[in-house]
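Asks: output the structure for:
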Amino acid sequence: MKHLRFLNKYFLKYKWWIIPGILFVIISNIFAVIPAQVIGHAFNLIIENIQVYTLFNGFNQQTIIYDIFSYSLFYFGALVIILYLLRGLFLFFMRQTIILMSRHIEFDMKNEIYAHYQDLSLGFYRKNNTGDLMNRATEDVNRVRMYVGPAIMYAINTIVLFLLIISYMYSVNATLATYSLLPLPLLFVTIYFVNTLINKKSETIQERLSSLSSFVQERFSGIRVIKSYVREAHTKEIFAQESEGYKQNSMSLVRVQAVFYPTILLLVGLSTIFTVFIGGKQVMSGAITAGNITEFIVYVNQLTFPVSMLGWVTTLIQRAAASQKRINEFLQLQPDIISGDVVIPEFEGRIQFKDVSFTYPDTGIQALKNISFEIKKGQFVALIGRTGSGKSTLANLFMRMYDADSGEILVDGKPLKSLNLGAYRNQVGFVPQEVFLFSDSIKNNIAFGLDEVVEADVIEAAKSAAVYHNIMDFEQKFETMLGERGITLSGGQKQRVSIARALIKEPKVLIFDDCLSAVDTKTEEEILRNLGRIMKGKTSILIAHRISSIKNADVIMVLDQGQILEQGSHQQLMDLNGAYKEMYQNQLLEEEKNSV
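Replies: I've put the predicted structure just below:
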């Protein structure tokens with residue numbers, strides 16, 4: 001139960017739902033116990049009146065006795081119906097408080113988990129797959145809700161009913177009560193030993209389910225690749241294997257439960273046998289009446305459902321504990337990136353890297369080694385280099401997706417770590433290398449970074465990104481709905497929509513992380529011309545592979561193996577006769593080859 005202590009704060013928050021709920025449980029069970037006593041009295045009345053009715057056989061008074069007998073039975077029957085109606089009413093109130101409370105807790109938990117996920121840094125998402133994250137926020141939370149709702153409700157109901165029934169049974173006849181309840185200790189021992197087994201199997205099932213969800217999510221996301229390589233049959237086989245593992249674990253749990261529940265019912269049946277046998281002896285000795293046996297049988301049968309539910313409740317609790325443990329694992333993680341408090345009122349866009357080194361924590365690959373440079377306000381800076389040279393890492397560090405291992409990054413002369421992240425990132429337009437578009441309209445994708453959507457701004461951003469005419473060719477124009485990850489659009493169109501999303505913010509600093517790779521040369525020139533107009537006097541950083549894209553940059557930095565080999569203008573680097581000139585000549589040769 002230690003993992004479920006996390007929920008105490010919610011119980012405290014909704015205490016005015018729990019307290020009335022417990023009160024309604026108690027009242028409903030009182031109305032459940034009283035009918036057994038009424039039935040016992042009615043049974044005694046039947047026995048006594050039958051004897052009297054027989055004695056007056058042949059006399060006129062027999063009709064009067066029959067009428068009194070009928071009226072009494074009708075009275076007792078009506079009383080039992082009224083008591084059960086009242087029980088039903090308070091059961092309704094019980095569910096309306098405790099079950100509704102569980103839904104509120106489920107709502108709060110999902111929001112807390114999602115908000116915490118948002119706070120965690122990029123490294124967290126590199127180490128954990130999306131399917132597992134989703135499973136913890138949905139399936140695991142649902143299992144916890146079954147604990148805070150039905151499990152607690154039925155547990156309280158069972159405890160209250162037990163206390164009421166046992167106290168009354170012992171007040172009537174201690175011997176008969178003891179024999180009637182004799183199988184219960186064996187029942188509790190059975191539950192205790194089976195619980196551990198159920199807990200272990202539940203944890204294994206949850207892990208299997210997470211693995212299965214991750215597999216399905218990843219394969220559906222990559223369905224285009226699967227179809228291109230004709231791997232549908234192969235993925236079906238792997239899915240069948242994953243499903244088989246989940247099925248085997250689930251069936252193992254079902255087998256345990258299949259033995260568990262009949263055992264509970266068998267032990268309750270033994271209680272009924274003991275009640276009739278020992279109760280009959282007590283009646284013959286005059287210790288109790290026959291009506292008391294009827295009461296005890298009703299009580300034992302009333303305990304049947306709660307006792308059988310006890311096994312289900314313990315399963316729910318064990319599953320909830322396993323799920324809450326998984327939820328707590330991530331909720332207890334602290335974000336690596338902590339926002340500072342400093343807000344720059346007038347953002348200029350001066351950037352300094354001082355001896356910055358960085359190694360990816362999940363792979364151990366050193367991406368940057370003692371990098372130092374300065375970007376002045378309004379400069380157009382380009383980064384170029386081979387794959388894995390550290391270009392994208394520089395962009396991620398500047399966006400503070402990660403923190404440098406050593407060295408310091410300054411923005412407008414202030415340490416990046418001291419800046420308020422929200423205010424800072426609002427001033428930066430970032431177009432990542434891996435374009436991601438949401439399953440929404442094109443308009444909403446472009447205006448994603450804004451609180452209010454102004455159509456004129458969306459259109460202007462689309463024109464600046466050279467995607468306006470493509471959008472107007474669609475039947476629904478800007479209201480065209482995109483499929484998952486923007487699958488409706490071509491690669492170049494997705495890149496340009498992503499660029500429009502950055503430009504509409506009118507950022508003080510704009511970072512293009514190799515986001516023109518799927519765009520033809522003519523469109524690229526149009527975008528760069530528009531960029532020069534929009535970003536005039538503002539800082540721009542362009543990461544590219546094509547030198548033709550960056551020839552007009554104020555400063556070009558050539559990176560290799562996490563270090564700056566050369567930097568300067570296009571002409572200065574050409575005069576150096578170094579790595580940059582070699583790359584430029586190789587690209588010219590390649591273009592000539594392609595044109596032949």
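
Asks: where's residue 141 relative to residue 314, distance?
Replies: In this view, residue 141 and residue 314 are 20 Å apart by CB to CB, to the nearest Å. Where you see a C-beta, it was placed from the backbone N, CA and C, and this is true even at glycine.

Asks: settle it for me: which of the two has more neighbours?
Replies: residue 141 (22 against 19; other CB atoms under 10 Å).

Asks: so what secondary structure elements neighbour the helix or strand containing that one?
Replies: Assigned by DSSP states H and E, residue 141 falls within helix 139-146. The helices and strands touching helix 139-146, judged by 3 or more CB pairs under 8 Å, 6 or more residues apart in numbering; DSSP states H and E, are helix 61-119, helix 183-221, helix 290-331.

Asks: for residue 575, find the nearest of those helices.
Replies: Across the helices and strands packed on helix 139-146, residue 575 has its closest neighbour in helix 183-221 (47.2 Å, CB to CB).

Asks: pull out the buried residues from the closest one.
Replies: Applying a neighbour-count criterion of 16 or more other CB atoms under 10 Å, one finds 183-184, 187, 190-191, 194-195, 198-199, 201-215, 217, 219 buried in helix 183-221.

Asks: same thing with stretch 355-362?
Replies: 356, 358-359.

Asks: what do you get for stretch 521-539?
Replies: Here stretch 521-539 shows 523-524, 526-528, 530-531, 534-535, 538-539 as buried, counting by 16+ other CB under 10 Å.

Asks: which residues touch it?
Replies: 349-351, 375-381, 463-466, 492, 496, 499, 503, 506-510, 516, 519, 540, 546, 548-549, 552 (CB atoms under 8 Å, 6 or more residues apart in numbering).

Asks: tell me which of those fall in strands.
Replies: 351, 375, 380-381, 509-510, 540 (DSSP state E).

Asks: just those now: which is nearest residue 238?
Replies: residue 510 (42.5 Å).

Asks: quickly list what the closest one is bridged to.
Replies: residue 429, residue 540 (DSSP bridges).

Asks: how about the ones in strands among the contacts of stretch 521-539 in a markdown table, adding distance to residue 302 and pLDDT?
Replies: Listed next are the ones in strands among the contacts of stretch 521-539 as a markdown table, based on distance: CB to CB, whole Å; pLDDT from 0 to 100:
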| residue | distance to residue 302 | pLDDT |
| --- | --- | --- |
| 351 | 75 | 88 |
| 375 | 78 | 87 |
| 380 | 82 | 87 |
| 381 | 79 | 88 |
| 509 | 72 | 87 |
| 510 | 73 | 86 |
| 540 | 77 | 86 |
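
Asks: mind checking how far the closest residue to residue 90 other than its chain neighbours is from residue 543?
Replies: Excluding its sequence neighbours, the residue lying closest to residue 90 (CB to CB, 6 or more residues apart in numbering) is residue 28, at 3.7 Å. Distance, residue 28 to residue 543, by CB to CB: 68 Å.

Asks: and for residue 284?
Replies: Residue 284 is 97 Å from residue 543, by CB to CB.

Asks: so who does the residue nearest the centre of the chain touch?
Replies: Compute the mean C-alpha point of the chain, and by CA atoms, centre = their mean the closest residue is residue 137, 0.9 Å away. Applying CB under 8 Å, 6+ apart to residue 137 gives the contacts 110, 113-114, 117.

Asks: what does residue 448 show for phi and psi?
Replies: In this entry, residue 448 is assigned phi and psi values of phi -60, psi -40 (degrees, to the nearest 10).

Asks: was I right about residue 478 contacting residue 458?
Replies: Yes. Between residue 478 and residue 458 there is a contact under CB atoms under 8 Å: 6.4 Å.

Asks: restricting to C-alpha, output stretch 325-342 in CSV.
Replies: Output in CSV follows, covering the C-alpha atoms of stretch 325-342 (Å, rounded to 0.1, in the frame of the first residue of the first chain):
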residue,chain,number,x,y,z
LYS,A,325,4.1,2.4,-8.6
ARG,A,326,4.6,2.9,-12.4
ILE,A,327,3.0,6.3,-12.3
ASN,A,328,5.1,7.4,-9.3
GLU,A,329,8.3,6.3,-11.1
PHE,A,330,7.8,9.2,-13.6
LEU,A,331,6.1,11.7,-11.2
GLN,A,332,9.1,11.4,-8.9
LEU,A,333,11.5,12.4,-11.7
GLN,A,334,12.6,16.0,-11.6
PRO,A,335,13.2,17.9,-14.8
ASP,A,336,16.8,18.4,-15.8
ILE,A,337,16.0,21.9,-17.2
ILE,A,338,14.9,24.3,-14.5
SER,A,339,13.6,27.7,-15.6
GLY,A,340,15.3,30.8,-14.2
ASP,A,341,13.5,34.0,-13.2
VAL,A,342,15.2,36.6,-15.3
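
Asks: please identify the buried residues of it?
Replies: So stretch 325-342, judged by 16+ other CB under 10 Å, has buried residues 325-328, 330, 337, 339-340, 342.

Asks: repeat that for stretch 75-93.
Replies: 76, 79-80, 83, 86-87, 90-91, 93.

Asks: may I see the residues you listed organised as CSV, with pLDDT and distance to residue 257 added?
Replies: Putting the buried residues of stretch 75-93 into CSV (pLDDT from 0 to 100; distance: CB to CB, whole Å) gives the following:
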residue, pLDDT, distance to residue 257
76, 79, 40
79, 85, 39
80, 84, 34
83, 88, 34
86, 91, 34
87, 88, 29
90, 91, 30
91, 88, 26
93, 91, 31
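
Asks: if we only consider those, which is nearest to residue 240?
Replies: Residue 240 lies nearest to residue 91 out of the buried residues of stretch 75-93, by CB to CB, at 44.5 Å.

Asks: which stretch of helix or strand covers the closest residue in space to the closest one that isn't next to it in sequence?
Replies: Residue nearest to residue 91 in three dimensions, not counting chain neighbours: residue 28, with 4.9 Å by CB to CB, 6+ apart. Here residue 28, judged by DSSP H and E, is contained in helix 15-55.

Asks: mind giving me the packing neighbours of that helix?
Replies: Against helix 15-55 (3+ CB pairs under 8 Å, 6+ apart) you get helix 61-119, helix 152-172, helix 290-331.

Asks: quick one, that helix and helix 152-172 angle?
Replies: 40 degrees (axes from the mean of the first three to the mean of the last three CA atoms, to 10 degrees).

Asks: what about helix 15-55, distance to the chain center?
Replies: The gap between where helix 15-55 is centred and where its chain is centred comes out at 45 Å by CA atoms, centre = their mean, to the nearest Å.

Asks: pLDDT (mean, whole number) over that helix?
Replies: Averaged over helix 15-55, pLDDT sits at 80.

Asks: ditto for stretch 173-191
Replies: 78.

Asks: now swap in stretch 325-342 and tell me
Replies: 84.

Asks: next, show the common contact partners of residue 478 and residue 458.
Replies: 443, 446.

Asks: looking at those two, which is more packed in?
Replies: residue 458 (23 against 19).

Asks: how far away is that one from residue 444?
Replies: Taken as CB to CB, the span from residue 458 to residue 444 is 9 Å.
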